[in-house]
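Peer 1: Dropping the sequence and predicted coords here.
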Amino acid sequence: MDLAAFPGEIHAIVGDNGAGKSTTIKIITGIHRGDGGDILINGDVVESHGASTLEKGIAVVYQDLALVECLDISTNMALGNLPKRFGMILDRKRMDREAAKVLTDLNVRVGDVKTPVGLLSGGQRQVVAIARAVRMDTPTILLDEPTAALGVQETAQVGRMLDELRAAGKAVIVISHDLDFVFQHSDRITVLRLGNSVGTRRTAETTRDEIIGMITGAIPRGAAATAFKEKS
């Protein structure tokens with residue numbers, strides 16, 4: 001696997017089921033331990049296993065979202081980093097204020113921040129999960145299938161949020177099976193097949209047919225790598 005992401009870009013990872021997309025994310029975040037290789041952030045090698053993602057400057061939105069349905073929006077957005085007064089008392093007003101500001105900055109609406117997450121639609125829950133990652137204010141944000149099971153309007157909203165993150169200078173890595181979404185919002189695309197990176201393309205310099213060929217194996221791995229080097 002060979003992957004590089006840069007500030008101010010959306011880098012999409014695509015591939016068939018079982019290609020290793022989610023596993024790659026889990027190795028980066030330390031859930032799984034890699035058999036070898038290095039992870040570098042700003043040129044420095046970091047330990048993938050043991051260190052928290054926040055320590056590495058990474059916020060993650062997993063496919064299952066990891067939201068607590070019985071808690072409200074602002075509490076879910078603050079989980080893991082609850083604002084406190086005097087070091088021990090939950091600062092509810094600050095928590096609500098910060099949650100509302102993040103949602104406003106992202107130009108999205110999901111209702112009152114005191115609304116329980118269990119009452120939200122699938123798209124609204126996705127927005128809350130992404131907003132929680134944004135609140136962490138890390139340089140890198142990883143998203144695993146952020147548009148899975150979403151409708152057209154909700155998918156467009158997620159796309160606008162990712163565009164805002166790119167404009168803010170974040171390095172956004174997104175796993176997606178939705179090639180229309182990928183071609184509309186990404187700057188580069190890395191294709192995985194059978195646990196290996198087949199190649200990377202600049203989105204503006206490739207086609208849907210080429211990416212599908214790399215996913216399915218119609219374009220051999222060596223040919224894909226050669227073509228990328230020529231375009232670079």
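Peer 2: Yes, it's here. Predicted model only: the values in this text are computed from it and were never measured.

Peer 1: Phi, psi for I173 please.
Peer 2: phi -110, psi 120 (degrees, to the nearest 10).

Peer 1: Same question for N81.
Peer 2: Backbone torsions of N81, given as degrees, to the nearest 10, read phi -150, psi 50.

Peer 1: quick one, what contacts it?
Peer 2: Listed by C-beta atoms under 8 Å, 6 or more residues apart in numbering, the contact partners of N81 are R135, M136. For glycine as for every other residue, the C-beta is placed from the backbone atoms N, C-alpha and C.

Peer 1: where along the protein do the strands fall?
Peer 2: Counting by DSSP state E, the chain has strands at residues 9-15, 39-41, 44-46, 58-61, 84-85, 89-90, 140-144, 171-175, 188-193, 196-202.

Peer 1: residues near R94, how many?
Peer 2: 15 (other C-beta atoms under 10 Å).

Peer 1: rank the strands of the chain by pLDDT, which is bottom?
Peer 2: The weakest mean pLDDT among the strands of the chain belongs to strand 44-46, with a mean of 81.

Peer 1: For it, buried residues please.
Peer 2: Neighbour-count burial for strand 44-46, counted by 16 or more other C-beta atoms under 10 Å, picks out V46.

Peer 1: List the single closest residue to V45 in space, sequence neighbours excluded.
Peer 2: In space, V45 comes closest to D38 once its chain neighbours are excluded; the distance is 5.0 Å by C-beta to C-beta, 6 or more residues apart in numbering.

Peer 1: Quick check: the one you found vs A5, distance?
Peer 2: According to C-beta to C-beta, to the nearest Å, D38 stands 15 Å off from A5.

Peer 1: and the helix ranked longest in the chain, how far from the chain's centre?
Peer 2: When the chain is parsed with DSSP state H, its longest helix is helix 152-167. Offset of helix 152-167 from its chain centre (C-alpha atoms, centre = their mean, to the nearest Å): 12 Å.

Peer 1: again with stretch 33-47
Peer 2: On C-alpha atoms, centre = their mean, the centre of stretch 33-47 falls 19 Å from that of its chain.

Peer 1: can you pull the buried residues of it?
Peer 2: By neighbour count with 16+ other C-beta under 10 Å, stretch 33-47 contains the buried residues G34, I39, V46.

Peer 1: and which of those residues is nearest G80?
Peer 2: The closest of the buried residues of stretch 33-47 to G80 turns out to be V46 (C-beta to C-beta; 19.4 Å).

Peer 1: isn't that closest one right up against I39?
Peer 2: Yes. With contact defined as C-beta atoms under 8 Å, V46 and I39 form a contacting pair (5.4 Å).

Peer 1: Lowest mean pLDDT among the helices and strands of the protein, which one is it?
Peer 2: Lowest mean confidence among the helices and strands of the chain (mean pLDDT, DSSP states H and E): helix 221-231, at a mean of 49.

Peer 1: re the thing from before, let me have the strands of the chain in CSV, adding distance to T29 as columns.
Peer 2: Formatted as CSV, the strands of the chain follow (distance: least, C-beta to C-beta, whole Å):
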stretch, distance to T29
strand 9-15, 14
strand 39-41, 10
strand 44-46, 11
strand 58-61, 5
strand 84-85, 26
strand 89-90, 27
strand 140-144, 7
strand 171-175, 11
strand 188-193, 17
strand 196-202, 18
